[in-house]
Structures are given as structure tokens and as C-alpha cells.
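J.: Sequence first, then the predicted structure:
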Amino acid sequence: MSAETLQVLADVGKGKSTRGVLRVIILALIAGASIASRLFSVILDPWFNFRATKYLVANGFYNFWDWFDDRTWHPLGRVTGGTLYPGLMVTSGAIWHALRALTIPVDIRNVCVLLAPAFSGLTAIAAYLLTNEMTTYNSAGLLAALFMGIAPGYISRSVAGSYDNEAIAIFLLVFTFYLWIKALKQGSMLWGALCALFYGYMVASWGGYAFITCLLPLHAFVLILMGRYSTRLYVSYTTWYALGTLASMQIPFVGFLPVKTSEHMPALGIFGFLQLLAFLDYVRSAIPSRQFQTFLWLFAGGIFVLSLAALVIATSAGVIAPWSGRFYSLWDTGYAKIHIPIIASVSEHQPTAWPAFFFDLNLLIFVFPVGVYLCFQELADEHVFIIVYAVFGSYFAGVMVRLMLTLTPVVCVAGAIAISTILNNYLVAKTPTEEDQQAAEAAEKKGTKSGLKSATKPVVGIYSLWSKSLMVASMAVYLLIFVMHCTWVTSNAYSSPSVVLASRMPDGSQHIIDDYREAYQWLRQNTKEDAKIMSWWDYGYQIGGMADRPTLVDNNTWNNTHIATVGKAMSSREEVSYPIMRQHEVDYVLVVFGGLLGYSGDDINKFLWMVRIAEGIWPDEVSERAFFTPRGEYRVDGEATETMKNSLMYKMSYYNFNNLTLEEAFTSENWIIRIYKVKDLDNVGRDHISAAAFEKGLKKKKATKKRGPRVLRVD
Amino acid sequence: MKTSAVFSALLSLLSLASAASSDKGSSKSTLPSTFKPPQVFKNANLVHVISVEKNYVKENINVVVENIDKKAQDEYYLPFTADQISRLGGVEVKDRKDTIAGPFVAENVEFDPESDTQYLRIRLPKPLAPGAQQTLGISYYILKAYSPLPAAIKQEEQQFLTYTFSAYVPSVYTTSKQKTEVKFPSGNIPDYTKIPGSGDIKEFPQKQGSKLTYGPFDEKPAGAYEPIRVRFEFNRPVTHVARLERDIEVSHWGGNVAFEERYTLYHRGANLSSLFNRVKWQQSQYYQQGATHALKELKFPLRVGSVDPYYTDVIGNVSTSRFRSNKREASLEIKPRYPVFGGWKYPFTIGWNSDAKNFLRKTASGGFVLNVPFLEGPKQNEGVEYEQVEVRVILPEGAENVKYVTSIPTQSISSADVEIHKTFLDTIGRTALVIKARNLVDDFRDRELVVSYDYPLSASLRKPFIVFSSTIAFFVAVWLVGNIELKFASAPVSKK
């Protein structure tokens, strides 16, 4: 290529409008890439959300709002409309209606499947906007968009078919932050109101909205402590808080929580505090400064003590609910295991392992601190936000694997700032001459009027083209490795849906183990429409969605006692389990068994959690210790304990264990799913245990205890 | 009659689809409830072949009919019970001696829906002169014909089916001489009704390998009935498709014909006496080389050139399928998610694409002709029966003057309508030809469906024009909105 064409090309990039067009094209490509990278394998996953969306589309919004679902939590049912975050379903319902209006009648299923990738494209754009507020380099915004688009930490929750609240929530999170920064910078009521609007949308979408609810007041608080109180802060914060809180209270599931629970108190406190500061500001302008000092300390101290006392009293009196258990588990990682085993039993609620940071963020985790450091260098209001966000995000990501998701945006933003600063410094083709530097140094010596030494930046010139190119080249290599890593992680780790397992045949071809869906389809086609299925709660949503059968417990773990009942039925002897199953009208019991295949995520593996949760409610009847050998081992082989061998779960997992009350109804191809049918009473109305005992000639036990009203649960 | 003339030329003429829909009643013409077929014929010689080799019954009646009336006659009646006639399909009647004449018109006669005896009327193309003879070959299929005995068996046991029929052909005419042959899938026929023989044969039936022969019998009066029940081994799935919806979507812009078939499939064989046991299943797969009465696999030999097949069900993609495609074949082999046993149900969907030039041709007059198979179901050794079939040919938006002709027996076609199907970016909706048929079997899987239609250029340009103009309108609207001055201050505020 001749030098002239290069010159022409370089000139093309210089015009302002050309740059704008280029930016738009690059952003569109980034959004496209982030969508494309999420399409490795497409399997719809949280089936509950899909089911709810179908219900919304079929029955309209108001019926959805009032939806009582009697096909879950049998026999209790669930007030689904009032106990979910409707944002996700409403979003896809709205998209579905809009497409229909545009005469594109796609299936609601396709909308659901592609919602997460589509929103990830929007998240990339939101990250671009947010980063652009932080720095004057446009390249930083584009880099942030790119990182946001392909960072595995975010992809893990937004691959195609991963139809969960996080699918839209991360976009809302980043966009709300962008609007907040915008509102804060301009002191604009309009932006504050927009921020509140998106905050309301966020509340409607994800329980993680509390992160915003805590982070924005914290940012405001830090700014105040830094002495940066301004009318801009006052306007933006009060607008956001007043409108945002009202918006959040419109969601039935949230309701009055924003004024009642401790999680929401910081926001309220800062709101009040800002009013005081505004008042003081006014007073200061009205009275002399000496008197004002005294007034300030007395007034501020008094108010602080009063409000703290009010908070403590209100909490202890029960007006304000104390921190919920889930929140406690964020401070004390051991809390959940003891007090709320049901939370601790979910693998994504475990503390994060160190390699996970590298796995999910790769290069970005190294440049993240650099970006935060660069924020310290400038330290405008918006940089403080990044710093605060970085600190809190890091802490929460360390506590729970799942919260890696909330850390990812700030890592992308900070990382982009760092990398773009590096590239901007080293990508300057012009080498400074000696004269330039001397002139600069002379100017520095002369201009001693800027007092602090640390505030002046030393003039450093990079002379060698060699060092520049080396730096740029290594940066490029890192970025390429980052892209490769993201692709690899996405295709290998995050695109394997939980219902399908992939393995390799001897000839290297891919073999798909599809046992879950095989069994669910069998249940759906060949059992009664209202046959109740008992299984551990992990499979509740899947059974409800794929098999379309009522379940006892599901992934919405709202009733711990009910789950414990299932746990008790699974972990007890048949004599205990059978009455429980009869009382709950269970027709089939479904267990997951990985023994044949060596699949580790099976029910025997989760069994201890069932035992623990059941023990939490019935400490007298279920004991975790009894499932361990005297040497403290958890064994399932010949040396398993008697309690273990007699437990229903153990009997169901292994073949032909002489079940008296259950018979095998279906086993999937690789034995991963085993479905048992609960036998009915025999012809003379006896259950099979007493019938077998009679056959053996045993005396009937005196059933004195069984007379009288049965008490199933003792809370 | 006028209609008979129209129908006799069926293959050579394209019948108007709209006319066909108005002809809906013609396959069931109403007669007075006291109707009795006139005794104008005699069956001079008759061979009745009942084939129970597949999971439906195929019956062939080869009969020499003789006009014993004084006038020329052209209506021959065949009686069935009301239950049989609802399961009767694919009736085809030919002249055995004159194969060029093509199939005759056969139709259900409805005269009294309450009556247990219903008639099938066969119209001879030329009235038969008094005393003259004609050899008819009548073939038809009866679906849902068997009942398993025992009704519930173990997973590894053999399945036996029973079928009941009459030793004498059901006829409204006197039959001088007749013989009934029954063909079985194998020689294992543990039970069959024995009746006293005639002539030098002491006892009917005679068994030769997998064939039973009742007769020859001497003259029997009209309506003679001798129940025969046979019980035979049928250790293969009794596959029954209760409903098949087949969509054929033609795209002129894409140059593509898309097929999608939705099956509601049942196994009508013996139920399992105890619940499904995977261990026994895996053992039987190993020891008995997979001989089983469960449905394990379906093979769809598609037309050469079929691409992008998919196989899904309500839950999503089913991963157990194979597709082999080369210059000679395009074979789709699918496995149900689970082996389908008697009484079980397995609904699924398959679909594929094909280049439009394989099926679509432009005629000299500017119209288009689409030639597709009416039915492309699985090809199984044991056969497949279809109770209801709905074929929808979705033509491009604006296609008009739709006519069709098919080589599927008219007796099986219950209705044909032209409807409007609205889908992607449609303004007036696409023209869809919907043909409903009943009681078909996989023997008809390569019968043609020929649809001709006109598709003017203006109609084909409609969609691009609408998309283009609406996009432009959107941009213009955005531009207009962007030009609205929202600020209070008219002077530009300088921003830092």
C-alpha cells in the first residue's frame, strides 16, 4: 500500500463525524459479537420463568399479577404473581407483542431464548456510556463495551437460553449507574428521574437491586465525607430516592420493604442526611461562620444520635425488620451453613475460590487495580463512584460465587480505563524532541505557583520507538489471549446447560446424554395430568416446565418446612416416608442417580443437605450423624450405616433394593433419572409394610400412637 | 351424472380447490334412510385377500361382477359396519383387465347415520350392460383393526394381536364362488377359528406357511356372515399416528420449500403388565438383538436434496437423530426419547428444507406448479397408519387462482380449502391450501400433490416495498422528532 493511501485512511479517521460513525459501527460490531459469542449451545433453562412468561402471554397482565399456581408446592400452592420479580416476563412479553405488531409473529420461546444475548448487547453499550463519563478517551468506552460483551463473568449468566432475571438485570444495573453518574455530574432532575425509572425497572427484575439501593447512598455518603456536598448531589440523590422508592414499592413482592427493612435503611438515612446538609447550607449562608461552627457540630451530632437511637428502637420494636438471613450470610460466610442450610446448599452461594476470579475475568483482574488507581489520580465525583463500587463489588464477589456478576461491570470499566490509558500513552507516533522536553521542564520550573508537588505530573517523554512498539505489542497479545480465553471459557464451561451432559464416543464424536429430558418427556406423555411428583427442590422448576406435572417443592424455596418434609421423606425409613408421601398425595418419586455414569451432581451427593435441612425442623427424627460411619466417613458402599441403607433415597438410588412401598416406573437410558411409583394401599386397605409384616407372621404393632389427630409438622 | 364425468377425468384435470371444498358433501352423498342397494349384480367369482402383515389391515377384493338386471348398471355397493367405515380409508378400485382406465370413483354413502350398515359406492366408468361381466380390483385399508391378546404383557414377552372378520366377503349381492386368504407376518398363528370344509376339503382353513385360506365356498346369499378370529404373533410396534400436521411452505424469494411435520404418535399394541424396567430393556437389547414390540426408531427417507433437518418435541431439541445425505439419499433416522411401549404416547416434530427447484416449476403461461409428496412419513417394516392428516401448503403472499390435484384416493380426502395464513412481515397474509384427509397408511407415502397457482410480479414485490417504505417512514419520523426543540431557552447554552 502506498503512503498516499495510508495518509488518506488516516485522514478519514480524523474528522469528527467520521469518528462518530466509526464509533457507532464499532459499538454495533461489539454488540453483535457479544450476542454471537453467547450462541454456542441453546437450551432454555430456568423453565419456571418460561412457564410464567407463557402464562403472561396467554392470560394477560392482570391475570398474571393475580396468578395463583396450584401446580407447585402441592398441596400449598404458590401466589406466584405476588412472589416473583415480573420484570423479565413483562419484558419478553412486551417484545413479543411488539414483534407481533410489526407482523413478526415469533414464538414466545424464541424471544425467551434470545433475550439474554440481546440484552448483553445493550449492556455493552451501557458500559460504553458509563466509561465515557469517567474519561475523556473514547477508546476506553469502546474497550469497556468490548470487555463487557465477552467477559466470562457476565457470559456465565447470559448465554442464549439462560432465561433468568440476571439476563436483563445486569444491563439495568450498568445503565442505572450510568444515569446516576449523569444525574450527579449535571445535577439534573431529568437524569435523576430517568435513573429512578430504570432503578424501578431493576427492582421489578432482580432481587439484586439491593446492590444499587446500597451503593448509591454509599457513594453519596463518601462524597459528603470528602466534603463534596453540592446542590448537584442533593438534586440528583433526592430525585432518585423519592421517585425510585415509589417505583420500587409498586412491585407486590417488594411492597413496603423499602421503608421497613434494614437493607433499605442506608438509602433513607442518606436521604435524611442530605436534607440536613441542605438545611445547614442554607443556615451557613445566613449566619456568621464562627457561630455556624458551633451550631453545626451540635446540630449534626444531635441528629446523628437521635436517628441512630430511633433506628435501634424501631428495629428492636419490630417496626423495621432486622437484616434478613440472606444478608447476614454476606458478612459471615459460615452463617448460612448453620442457620439457613437451604441457602448454603446451593453451590453458587459458596464463597468464591481464588482461581474463579482469573477464570471469569482473566486479564481484567490484573488491570482492574490499575484502573482504580487511575481513578484515584483524577478523583472527580464519578471516579469516587468507581472506587466505592470496586471495593464493595470485590468484597461481595469474594463472599458468593454468584456475585461475581455484579463485580464484572466495574472490572470492565476500570480495566478499560487502565488499558486505554496505556495504549493512549504508547500509541503516540510522534517522538518528543529534546527541545520540547527542555521547554516543558523550564515551564515547570517557572510555574511554581501550583503548590503541591504530588499534584504536578512529571513530564515524561517516550523516545524509543522500540519500547513503544514492544509495549503496544505485548498489550495486543494480552488482549488477544483475553479474547481466546473468553471464547474458550464460554464454549467449554458456560455453554453446557444443566439438563444436557456432553461426552465423547470412542471415535471422538460427540455424544449427548439427554437423560433428564428423556425422563421429563416420559412423565409428560405417559402419566396422569395431575400426578404429583416428589423430588428434591433442584428439579422442581424443570419438572414443572418440561414434564408439566405438579411438584411438591421447587427452586423457589419459599417454604423451608415443606422442603424439610421432602428431605425427611427422602432420608427416613420407608415406614416413616410412606405416610408422608400418602399424605401429600405423591404419585411418583424422582431421584437423580449418577452411579452408573459417574455423574457427580446426583442426589446421593446432595443427600447430606436434605438430611441437614430435615434435621433443622425435626432434630429428634433425623440426625446427620447417623449417616456417617463411626469413623466419620460418608460412605455409600458396603460399609454405609444402617440409617443410610434404610433411607428411602439410598434404596431408590441403587437397583432392586426391595422397596416395599415404591416400584420402579421408569429409568432413563443412562440411569441418571429414576422414577418410582408410590404403591397404593392393597386390596384390604393395608399399606405394603404392614402387609409384608403380616405375611411374615409378625404381630401388628400397637398403633396407639397413630390414633388421634396426626401432627405432621412441629415447627 | 355430471360429477362422475368430472371425477373420471380426475388425474388429467386440475380440480378447482374452491370447487373441491364445495364438493365436500359429494364423498358422502345422502340417500333416503330406507335405502337398500338394488339387487342388480352377482359376484360370479371372488377372491378376498386380507393382509395383516402390517399394523393396519389391507384388504383386496378381486371380483368378477355380472349384471343380472335388465338395464345397464353403474353403481356397485359394498357394505361395512358403521364402526368399520369410520376406520376405512384409501379405497381404490380398478378394472383388473383394463389397467389404463385408472381408479374408479369410490365414496361413502351416507343415508342414515344411525344405521349400523353403511355402504361404499363404486361407480363404474361405463354402465355395465345386462349380462356383461367386469373384473374389479377393490383395495382398502382398515385402521385400528387389532386388539392385543393378552392385553398386557411383560416387557420381554412376545406380542400377539387378534383380528376378527367374516369368512365370506361382506356383500349385498349373491356370491357364486369365493375364497378368503389371510396373510400373516409370520407362521406363528397360535389360534384361528376353524370351520367345516366343503367339497374334498374337510376343514377350513388350510395353512401354508404364513397364509391361511378359507374356501373356496359355493354360493352364498347376500349378507352371509361367518365370524373368524385369528390370533397371531406381531412382535413389532403397532404405530398409530392419531394426527399428522404437515406444513409445506413455499418461498419464492428464498428459493426454498420448508417442510414441517407434527406427529401425535401412539403405540396401540399390548400394554406393559408391570412398569418399565431399564435393566430388562438393556438385557433384551443385548440378548435378543433388539427384537421387541416397543418402538425404538423411525426412518424417514426424505427426498434427495433435503437439508437442515430438525427433530424436536415440546421440551426442545431431541439429540437422538441421524441424518445421512448424499446424492442418492437423504435419510433421517430418529429415535424417540424413550422406547415407546403399548399404550404410550410420543408426540414430536420434524422439519427440513429443500431447494425450491426440486419441487417448483414455472409454467409457460406464467403460473407456478408445485409438485410435492402428499405424505412423507416414516418408512417402517411394520407400517404406519395415519388417522387424520392435515396438509397445509403455504404459498407466498398474494398467490391466487390455487388449484390442486392429488393421487391420494378421493375417498380419504375429507376437505380442501384455501385459507389465509398470516406470518412474518405479511400484510394481507399468505394463501394456504389446507387439505384434510383421514385413514391413510404409509403405502401412500409417495403419492403426489400437485398445486398450481399464479403469483404476479406485483405480489412478489409487495414485501420488499413495504419493508423499505416502513423503514424510510421510521427514519423520517425519527428525524422529525429529533428536530423538535425541547429546550426552554432558545439560545444555545454553551457547555463546558
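T.: Looks like it arrived, so ask away.

J.: Write out the residues of the stretch 351-500 of chain A neighbouring chain B.
T.: Contact residues, the stretch 351-500 of chain A versus chain B (C-beta under 8 Å from any C-beta of the partner chain): A:Val500. Using the backbone N, CA and C atoms, a C-beta is placed for each residue, glycine as well.

J.: got the residues of chain A near chain B?
T.: Chain A has residues A:43-44, A:102-105, A:500, A:512, A:514, A:517-522, A:524-526, A:546, A:655, A:663-669, A:671, A:677 near chain B, with proximity defined as C-beta under 8 Å from any C-beta.

J.: Among these, name the ones in strands.
T.: Residues of the residues of chain A next to chain B located in strands (DSSP state E): A:Ile512, A:Glu663, A:Glu664, A:Ala665, A:Phe666, A:Thr667, A:Lys677.

J.: out of these, who has the most neighbours?
T.: Within these, most neighbours by other C-beta atoms under 10 Å in any protein chain shown means A:Thr667, with 27 neighbours.

J.: which one is it nearest to, not counting chain neighbours?
T.: B:Arg278 (3.6 Å; C-beta to C-beta, 6 or more residues apart in numbering or on different chains).

J.: Need phi/psi at the one you found.
T.: Dihedral pair for B:Arg278: phi -70, psi -40, per degrees, to the nearest 10.

J.: okay, now it: neighbour count?
T.: Counted by other C-beta under 10 Å, the residues lying close to B:Arg278 total 20.

J.: Need the three-state assignment for B:Val393.
T.: Per DSSP: H, G, I helix; E, B strand; the rest coil, the local secondary structure of B:Val393 is strand.

J.: any idea how far B:Val418 is from it?
T.: According to C-beta to C-beta, to the nearest Å, B:Val393 and B:Val418 sit 10 Å apart.

J.: Can you check which residues contact both of the two?
T.: Counting by C-beta atoms under 8 Å, 6 or more residues apart in numbering or on different chains, the contacts common to B:Val393 and B:Val418 are B:Ala432, B:Leu433, B:Val434.

J.: Can you tell me which residues in the stretch 151-300 of chain B are near chain A?
T.: Going by C-beta under 8 Å from any C-beta, the residues of the stretch 151-300 of chain B near chain A are B:Ser274, B:Leu275, B:Phe276, B:Asn277, B:Arg278, B:Val279.

J.: circling back to that earlier point, filter the residues of chain A next to chain B down to the buried ones and hand me the PyMOL line.
T.: To isolate the buried ones among the residues of chain A next to chain B in PyMOL, judged by 16 or more other C-beta atoms under 10 Å in any protein chain shown, type:
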select buried, chain A and resi 43+44+103+500+514+517+518+519+520+521+522+524+525+526+546+664+665+666+667+668+669+671+677
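
J.: show me the contacts for whichever residue of chain B sits closest to chain A.
T.: Proximity of chain B to chain A (C-beta to the nearest C-beta) peaks at B:Arg278, 3.6 Å away. Going by C-beta under 8 Å, 6+ apart, B:Arg278 touches A:Glu664, A:Phe666, A:Thr667, A:Ser668, A:Glu669, A:Trp671.

J.: Show the pLDDT at it.
T.: Here the pLDDT value assigned to B:Arg278 is 87.

J.: before we move on, what about the one 4 residues further on?
T.: The predicted local distance difference test score for B:Gln282 is 86.

J.: Where does it fall, secondary structure wise?
T.: Element membership for B:Gln282, per DSSP states H and E: helix B:278-287.
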